[in-house]
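*Asks:* Below is the sequence, then the predicted model.
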Amino acid sequence: MTELKFEYKTSDWRLFIDSSKVSLKAVLLHNGNKYPSVPVAHATEIKESYENMKSLLEHIKYNQYSWKICGDLKVIAILLGLQLGYTKFSCFLCEWDSRDKKNHYVKKEWPKRDALIPGQRNVLHTPLINPEDVLLPPLHIKLGLMKNFVKAMNKNGDRFCYLKKKFPNISDAKIKEGIFVGPQIRNLLADEEFEQKLNPIEKSAWTCFRNVVRNFLGSHRAENYEELVNNLLVAYKDMGCNMSLKIHFLHSHLDFFPQNLGAVSDEHGERFHQDISNMEKRYQGKWSPNMLANYCWTFKGMYLTLNIPENPK
């Protein structure tokens with residue numbers, strides 16, 4: 001931070017952890033996204049696991065700084081010591097029963113988790129972080145909502161043919177599973193032709209999804225965001241969408257989301273993930289301190305360029 005001449009205050013930064021096929025990395029993201037991301041850990045040929053996460057946090061002295069954490073729900077589950085996969089108690093905030101489908105969309109209040117105790121309620125290990133320090137990931141929740149919507153769509157008709165035509169580089173299997181990335185979803189939300197192909201129930205759910213994306217899962221939070229989220233849940237129930245963990249957070253833990261999701265979004269971490277992946281390709285997947293140095297100074301140059309006065313002397 002000193003070398004990059006960035007102002008540093010622990011509460012102004014959040015920690016994003018992610019992995020790819022070739023590396024595990026951690027990066028600090030500025031709350032409000034005023035500064036570029038700053039990598040603090042990078043390891044090649046290491047998988048996402050409890051022991052590796054524990055080692056990572058020890059190396060970056062996490063207990064000394066205690067940043068807020070953002071990342072996908074798999075990373076969060078590992079950090080909290082939870083069992084991965086389709087488990088009965090997958091929520092770290094309450095004892096929501098993921099298999100009690102008859103009460104999904106009906107029962108909103110579930111017994112609160114007083115503690116994450118190894119051996120109980122699908123907890124395998126001692127948590128590495130405080131659950132209160134978790135920032136729920138708006139990007140991955142948006143991806144999850146998209147996935148549930150597509151999987152519940154009526155697959156008879158031309159709507160899937162339209163999706164295949166619109167996204168020819170996506171496999172049929174991924175389209176049927178509703179696996180899309182952020183830019184593809186934004187493209188589809190602006191596509192009036194796709195909306196016209198939906199039946200009335202699907203169209204209602206799609207409209208509610210768009211409202212929640214634009215007025216809650218971003219930098220703008222509408223005054224009636226609770227109403228918008230509730231409308232989405234009702235529409236998804238009518239459409240027959242299964243309740244996933246991501247939908248459960250909207251249903252039962254809306255007050256756990258931070259006030260400005262855009263300021264602490266995991267989307268900026270995913271941008272770092274893509275940028276560093278491109279840098280890794282240049283270094284052919286081999287570890288080198290020069291790689292992170294190149295990354296840092298590339299973004300330092302961009303930051304300086306963006307902050308040059310209009311009429312510099």
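*Replies:* Yep, it's here.
*Asks:* Who are the packing partners of the helix or strand containing residue 165?
*Replies:* Element membership of residue 165, judged by DSSP states H and E, is helix 159-166. Judged by 3 or more CB pairs under 8 Å, 6 or more residues apart in numbering; DSSP states H and E, the packing partners of helix 159-166 are helix 172-177, helix 192-196. All C-beta spots, glycine's among them, are computed from the backbone N, C-alpha and C.
*Asks:* Please name the residues that touch residue 260.
*Replies:* Listed by CB atoms under 8 Å, 6 or more residues apart in numbering, the contact partners of residue 260 are 219, 221.
*Asks:* comparing the helices and strands packed on helix 159-166, which gets the lowest mean pLDDT score?
*Replies:* Mean pLDDT is lowest for helix 172-177 among the helices and strands packed on helix 159-166, at a mean of 87.
*Asks:* next structured bit after it?
*Replies:* That would be, after helix 172-177 and using DSSP H and E, helix 182-189.
*Asks:* quick revisit: list the contacts of the helix holding residue 165.
*Replies:* Contact with helix 159-166 is made by 150, 153, 170, 172, 175-176, 187-188, 191, 193-194, 197-198, as judged by CB under 8 Å, 6+ apart.
*Asks:* swap in stretch 53-61?
*Replies:* 15, 17, 24, 26, 40-41, 43, 63, 75, 78-79, 128-129.
*Asks:* rewinding a little: for the helix holding residue 165, what is the average pLDDT?
*Replies:* Here the average pLDDT along helix 159-166 is 86.
*Asks:* Centre of the chain to that helix, how far?
*Replies:* Mean C-alpha position of helix 159-166 versus that of the full chain (CA atoms, centre = their mean, to the nearest Å) differs by 26 Å.
*Asks:* Run the angle between that helix and helix 182-189 for me.
*Replies:* Helix 159-166 runs at 120 degrees relative to helix 182-189, counting by axes from the mean of the first three to the mean of the last three CA atoms, to 10 degrees.
*Asks:* Kindly give a single ChimeraX line that selects the buried subset of the contacts of stretch 53-61.
*Replies:* Written as a ChimeraX command, the selection of buried residues from the contacts of stretch 53-61, which uses 16 or more other CB atoms under 10 Å, is:
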select :15,17,24,26,40,41,43,75,78,79,128,129
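*Asks:* Going by distance to residue 252, which of the contacts of helix 159-166 wins?
*Replies:* Nearest to residue 252 among the contacts of helix 159-166: residue 150, at 23.5 Å, using CB to CB.
*Asks:* Distance of the closest one relative to residue 223?
*Replies:* From residue 150 over to residue 223 the distance is 30 Å, taken as CB to CB, to the nearest Å.
*Asks:* From residue 278, how far out is residue 53?
*Replies:* Residue 53 is 25 Å from residue 278, where distance means CB to CB.
*Asks:* quick one: which of those two has more around it?
*Replies:* More crowded of residue 53 and residue 278, by other CB atoms under 10 Å: residue 53, with 23 against 9.
*Asks:* Strands along the chain, start to end?
*Replies:* 13-19, 23-30, 38-44, 68-70, 134-135 (DSSP state E).
*Asks:* Going by mean pLDDT, which of those comes out lowest?
*Replies:* Taking the mean pLDDT of the strands of the chain, strand 38-44 comes last: a mean of 86.
*Asks:* For that one, list the C-alpha coordinates in PDB.
*Replies:* Extracted in PDB, the C-alpha atoms of strand 38-44 (Å, rounded to 0.1, in the frame of the first residue of the first chain):
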ATOM      1  CA  VAL A  38      -4.100  -5.100  -4.400                       C
ATOM      2  CA  PRO A  39      -3.100  -8.800  -4.400                       C
ATOM      3  CA  VAL A  40      -1.800 -10.100  -1.100                       C
ATOM      4  CA  ALA A  41      -1.500 -13.900  -1.700                       C
ATOM      5  CA  HIS A  42      -0.900 -16.100  -4.700                       C
ATOM      6  CA  ALA A  43      -0.100 -19.800  -4.900                       C
ATOM      7  CA  THR A  44       0.000 -22.100  -7.900                       C
END
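*Asks:* That strand pairs with which strands, parallel or anti?
*Replies:* In the sheet, strand 38-44 lines up against strand 23-30 (antiparallel) (DSSP bridges).
*Asks:* Strand 13-19 and the partner strand, what's the angle between them?
*Replies:* Between strand 23-30 and strand 13-19, the angle comes out at 160 degrees (the same axes, to 10 degrees).
*Asks:* So what's the gap between strand 23-30 and the chain middle?
*Replies:* Taking CA atoms, centre = their mean, one finds the center of strand 23-30 at 14 Å from the center of the full chain.
*Asks:* Redo the helices and strands packed on helix 159-166 as TSV? Include mean neighbour count.
*Replies:* Listed next are these as TSV, based on neighbours: other CB atoms under 10 Å:
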stretch	mean neighbour count
helix 172-177	12
helix 192-196	11
